Every structure is written in C-alpha cells, then in structure tokens.
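S.K.: My questions concern the predicted model and sequence given below.
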Amino acid sequence: MHTLKSFCSVLANSLLFISRIAQEQCCAAVVLDKLCDNGIKLGRSQGACERPLFEGEPWETEISKMCCDCCMLGLMAASRGSGCELQGSLSLGRQCDHTAKACCGKNTEEGTPNVEGKIIGISFYFESFLCVGNGTCTCFDGYQLQKDGVHCEDVNECLKGSHNCIFGQICINTEGSFRCQREISCGTGYELRDNNSCQDIDECTLGTHNCGTDFLCSNTAGSFRCHPKERCTDGFIQDAAGSCIDINECLAHSNPCLPGHVCINTIGSYSCRRNTVTCGRGYHLTEDGTRCEDIDECRTGNVCGDHGCVNLLGSFRCECRAGFIFNSITKHCEDINECRYYPGRLCGHKCENTEGSYHCSCSTGFKLSHDGRNCDDVNECEANPCSQECANVYGSYQCYCRRGYQLSDIDGITCEDIDECALPAGGHVCSYRCFNVPGSFYCTCPPTGYTLSPNGRTCQDIDECAAGSHTCSVSESCFNTQGGHRCLSFQCPPNFRQACQEMRRDTSSMRCLKSCQPNDVGCALDPVHLITHTVLSLPTFRDFSGPEEIVFLRTSIHYDIQYHALIFCVLILYLCIYWINPNLSPSSGVVQQVKPIVGPKDIKLEVAMNYVKSGNISHRNVVIIHIFISEFWF
C-alpha cells in the first residue's frame, strides 16, 4: 500500500489542475489496472494462477490472481467455442465479466483492453466508481456521485419515483437498481411468475387433482374438472363414485303422465297406469274392483298370538289374558309389571316381575312362607355357623365366645384365645410369671422360697424357720426373710453383756449393756452405754414413687439429744434418717428409703444417739440395723 501511495504522489504532482481526491482515485485506478494486467499476462502465458507466481504485497497479489482467474474463464470459453457470454451459466462480478470477455474475444492480444471505457481491475474494490479521464469521476447506472466528486452511492428509485412499477405492484429498492413485486397474490389455482405475472397451475399435469380412477382430469383456468370415463345410458345418471344409478322420472319430472293416470317408476324408465279405487288401512278392494270391504284380521293370521281376537270395522282388538294389557297403538298384548303398579302391596320383601305374573323373594336371613308372599326368619344357628356359641336374631345371627376367648375381627365367626398375659394389665395378673393356655392362664412362683397362694395368682413367702427347713446351727438364730432366711449370730463387744434377745417372724433384736471391770477407767469413760442389733426383711419395691419409712426410733430420757447416722450406703443415698422434734422428750426418728434399691442386697445401718447434759455427752446409745432386701416385690 505504501508503494501505491508513493506512485500516486508522483502522479498527483504532475496533475495539479485535478482535485486532490480525484487524483488519488484515478491513480489508484491506474495502479489496480496495472496489477490486473499482470494477472492477465500470467494467465495467457502460463495457464496457471497460483499466488506465489505474483510479486508484491498480499493485497497486490490478490488483485492479480483474481484477474488471472477471470481471464482463464474467458480463455476456456473461447477454446470450447461456447461463446463469450458467461452470464447465463456463471454469476460473475461486473469487472470479472468484462475481463473474461476481453480474454475470450482477444485471446491473442497483449495488455489489458478497456471495455466500454472502464478500467480493468478497479471494479474489484470500487464497483460503482468509474474514471473517465482527466481526473473526472462518474458512476454506473443506479448510482449517483456524492458531493466529494469521488464516491458513489445507491439511488433509491422507489423514493424518487423513477421506477416503472404499475398499479398493483410495489417497488423494492436494490443495490444499483430496483424490482417490482405484485402486491396482491394470484389466488387459488394460480402461481406468480418471475416476470410478476400470474400463470394458471395445471393440476392435471402436476397430479395434484383428486379425480378417482374412473374419472379423467380436465384442466380449467384456476381449477380442474373430473369427467367420468364411462357414460350412462338414458334413464340413468352417474353418482359421485362414477356408478350409474336409476333416475326416478316420476320425481324428477312434474306430471310425466296424462291426467287420470299414475306414474310408476321402472329401472331405466317409467310407465303410466290409469287411476283405480284406493282403499284405506283395514280394507281391501273387492274382486270386481269397484268398492272396498273390511278385512277380518282375526282370520288372516295369528295377529293376537295366544290371546283372544275381536274383529272391528277397519281394525281389530285383542282380548288379553290376565297379567297383560292391550296396546291400541301397537295392536299387541303387553305384559303388566305388577311390581311397579302395586309397590309394597304384593310381596313382603322383594317383588320380581315375570311374563304375565310376578314372583316374591326374601332378603338374606329370611325364607318365603307358605302363602308365597310373606317372609319368615331363618334360624341360622341350626346350621352351626359359629365356632363356639350362636344366638339367632331376626334376619341374622350373632356369634359369641366362652370365657377366655374373643370373637375374630376378620370373619366374626371364629373364636380366638385371649392371651391374658399379653393384656395391658397382664403384668399384674400374676405376682411372678404368667403362662397363657387356651381359654385361660396360670401363674408360677420362683423355684425356691415361695409357694403359690390359694388364689392361684400371688406368691407367698415360705417361713423356713417355722417349718424347720433352715440350715442354721444350734449357736445361730434363724431369721426368715422374703424368699429365704438368714442364720444370725450377734456377739457383744468387750465390756458389754447381752441383756436380752427377741426373735419374731419379721424382726429380730438383741441388746448389749455396758459392763465394766472394776478399776477400768477407760471403760468407765467410754460414753457408749447401749448397743442394739435390729434385723429387718424388706422386698424390692416395684413401683417406687417416694420415700418409704423403714424403721422408727424412739427415746424417753429427759436429756438433750444429739444424733449421728452412720450408713454403709450413704454415698449412693439409699437411706436417710429424720428426727421428729429432737429437742422434746420423748423424741423419735425414722429411717426412710429415698431411692429404689434392687435386691438381693444386704445393708447394715448404724445410728448413734448422744445424750447431752449441761453441754457434755453423758452417754451414747448405738443402734445397728441389719436390712435384708429381697429380689422380688412380694
């Protein structure tokens, strides 16, 4: 591009009288013409248009190659003798078309000829621009020169009114020209041609008609006609399917016969017959044809079936049997629906109509009585429908079960065993374990230490001590517990002697009194005067909901009392001691269970009570409570 500008600059200095813009455009045309000329020369000499064969910048080689290709087209057309008019088979640009024609017509000349005053090559980039010499520019048809005197712009013929479109056509502007298009469509059966005119569509030739195989298609303006291949003879007419059908001349023509005659249609024709006497329904013409007489329908056929028949003038009537009624319109005996005419008055339950009569039936659970109308209750229990017990009710029955069974929810007939042990209250039916049996249940007790009470449900403790079944030695005391026993042997500590021992069924106690040796100062100074051993047997509380009182303590000595509770299991808070009015005399206390204890478990509870006089401990009593908790709640 730099070379092009340098060349144009030299040329512009020598043409000072031409405007600067026009000079540049014309110089560009000259340069492009030279580049195009190089392409044409190479095409004529080498017969090839490859890019590497050209020298210059890419845009310069592109222009030379394009002119070479166009020239080759012209040379090829000339060699084949097909003429130099290439527009019919190829759509080329304006300038390429000129180049091809030049090479085709003057394939022996050298150089690039000018065609119609146009410079070859310029139109590849300036198709609407034309240089006519002396630096003057002009435009092709359909374009107009802009105010700068160099560039061309399209002329809108539709806006300027310079088109030649007729009425009914609209003008559409195109680049460098315009075209006229029909404003209204051609309508059915026509098509629009390239010259904007309407042409009839030949449906018969195109095969777009709908004529059947028995018809021939005949084209008409804007449509077509279907003509039958086969023509019908006189007295017949062809239908839409092409078949010949008879013409009823008596209906197609008015009065085809003479007055006093009647028209009778025949196949393919008709005939005329003189009028005769016409008889009404129920009458027929006499043999001489002069008058009408009554028809005895009762003699002509079985018109009433198995019912009676009565002839009437011009008609007849049926004498219907019981359960039927005569229909004067249809002339037949019709069944009477007694169930509909007398609802609720014929049958006790259900009424079913039959031919000429009716039939009564009963609902489920009933049977028809001897009169054939009323219904009697059926005793279903006679057929033993229930698995155990049955009670007849009106129209049905009810099954029920013996004690320990319940009626099935599935069929309402079968009795199923009640699992008393699985009921919500089954856990309280038996003290220990419950075993279900068909229709009942039984209870059991632990294998040792208990026996079943007479009520068959609760377990009662066996007193091994009273029964003599214990294993205690002669030196031990037997103490009965819940579900077992204990062999006890309490010994008094040194300086104490046994005061008394009490053994009962549910408790046992032993007291040790202080007994010092003479001159035993340590024994005399020891404040403990009384040691009591007490034994208790307790069950495992099943439903522990609050504190349970275990042991009551009581003193009646008139001294101030201080107390201490030494509990083996105090750390897990099973037992606690509460004193009631400790500052009064007598005073009492209670040992309470404050947390559930699950047996078997042995607990030793030691309670010390200090008696204070004038601020000093005068003496102390110790109570040791041995508690045996059973495994069970009973």
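M.R.: Yes, it's here.
S.K.: Might you list the low-confidence residue ranges for the stretch 401-550 of the chain?
M.R.: Applying pLDDT under 70 to the stretch 401-550 of the chain picks out residues 425-427, 503-507.
S.K.: where do the helices sit along it?
M.R.: In the stretch 401-550 of the chain, the helices defined using DSSP state H, counting those that start in this stretch lie at 464-467, 521-525.
S.K.: Switch these over to CSV; also include distance to K595 and mean neighbour count.
M.R.: Every C-beta, even on glycine, is put in place using the N, C-alpha and C of the backbone. Output for the helices of the stretch 401-550 of the chain, formatted as CSV (distance: least, Cβ to Cβ, whole Å; neighbours: other Cβ atoms under 10 Å):
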stretch, distance to K595, mean neighbour count
helix 464-467, 30, 16
helix 521-525, 39, 10
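S.K.: Indicate which one of these is closest to I166.
M.R.: helix 464-467 (139.1 Å; Cβ to Cβ).
S.K.: Against P438, how distant is the most centrally placed residue in the chain?
M.R.: For the chain, the residue nearest the mean C-alpha position is I410 (33.9 Å; Cα atoms, centre = their mean). As defined by Cβ to Cβ, to the nearest Å, I410 lies at a distance of 19 Å from P438.
S.K.: Please name the residues that touch the closest residue to G323 other than its chain neighbours.
M.R.: Taking Cβ to Cβ, 6 or more residues apart in numbering, and ignoring the residues beside it in sequence, G323 has G356 as its nearest neighbour in space, at 3.4 Å. Contacts of G356 were listed using Cβ atoms under 8 Å, 6 or more residues apart in numbering, and they are R321, A322, G323, F324, D335, I336.
S.K.: What count of nearby residues applies to P493?
M.R.: Applying other Cβ atoms under 10 Å, we find 9 residues neighbouring P493.
S.K.: Among the contacts of G356, name the ones in strands.
M.R.: Per DSSP state E, strands hold the following members of the contacts of G356: F324, D335.
S.K.: now the contacts of G356: which count as buried?
M.R.: Among the contacts of G356, those classed as buried by 16 or more other Cβ atoms under 10 Å are G323, F324, I336.
S.K.: My read is that the first one contacts D335, right?
M.R.: Yes: between G323 and D335 there is a contact under Cβ atoms under 8 Å: 6.6 Å.
S.K.: coming back round to it: any idea how far the residue nearest to the centre of the chain is from D419?
M.R.: Distance of I410 to D419, given as Cβ to Cβ: 17 Å.
S.K.: Quick one: end-to-end distance for stretch 527-547.
M.R.: 33 Å (Cα to Cα, to the nearest Å).
S.K.: What of stretch 452-466?
M.R.: End residues of stretch 452-466 are separated by 18 Å (Cα to Cα).
S.K.: Give me the buried positions along that stretch.
M.R.: L452, R457, C459, D461, I462, D463, E464, C465.
S.K.: K65 sits in which helix or strand?
M.R.: helix 58-80 (DSSP states H and E).
S.K.: Following element in sequence after that helix, please.
M.R.: Counting by DSSP H and E, what follows helix 58-80 is helix 94-105.
S.K.: G74 versus the closest residue to E85 other than its chain neighbours, what's the distance?
M.R.: Setting aside the residues directly before and after it, E85 is nearest to K101 in space (Cβ to Cβ, 6+ apart), at 8.0 Å. Relative to G74, K101 is positioned 6 Å away (Cβ to Cβ).
S.K.: Those two: who's more crowded?
M.R.: Counted by other Cβ under 10 Å, K101 and G74 do not tie: G74 has more neighbours, with 26 against 22.
S.K.: tell me the contacts of that one?
M.R.: Each residue near G74 by Cβ under 8 Å, 6+ apart is listed here: C84, L86, T99, A100, K101, A102, C103, C104, G105, N107.
S.K.: Identify each buried residue in the host helix or strand of F224, please.
M.R.: Assigned by DSSP H and E, F224 belongs to strand 223-228. Buried residues in strand 223-228, counted by 16+ other Cβ under 10 Å: F224, C226, P228.
S.K.: low-confidence ranges in the stretch 151-300 of the chain?
M.R.: Using pLDDT under 70, the stretch 151-300 of the chain drops low at 194, 240, 242, 260, 274-275, 288-290.
S.K.: picking that back up, for the residue nearest to the centre of the chain, give me phi and psi.
M.R.: Note on I410: its backbone torsions stand at phi -80, psi -50 [degrees, to the nearest 10].
S.K.: do C36 as well
M.R.: Dihedral angles (degrees, to the nearest 10) for C36: phi -70, psi -40.
S.K.: so what's it scoring on pLDDT?
M.R.: Note on C36: pLDDT of 83.
S.K.: can you give me the end-to-end distance of stretch 462-481?
M.R.: Using Cα to Cα, first and last residues of stretch 462-481 are 9 Å apart.
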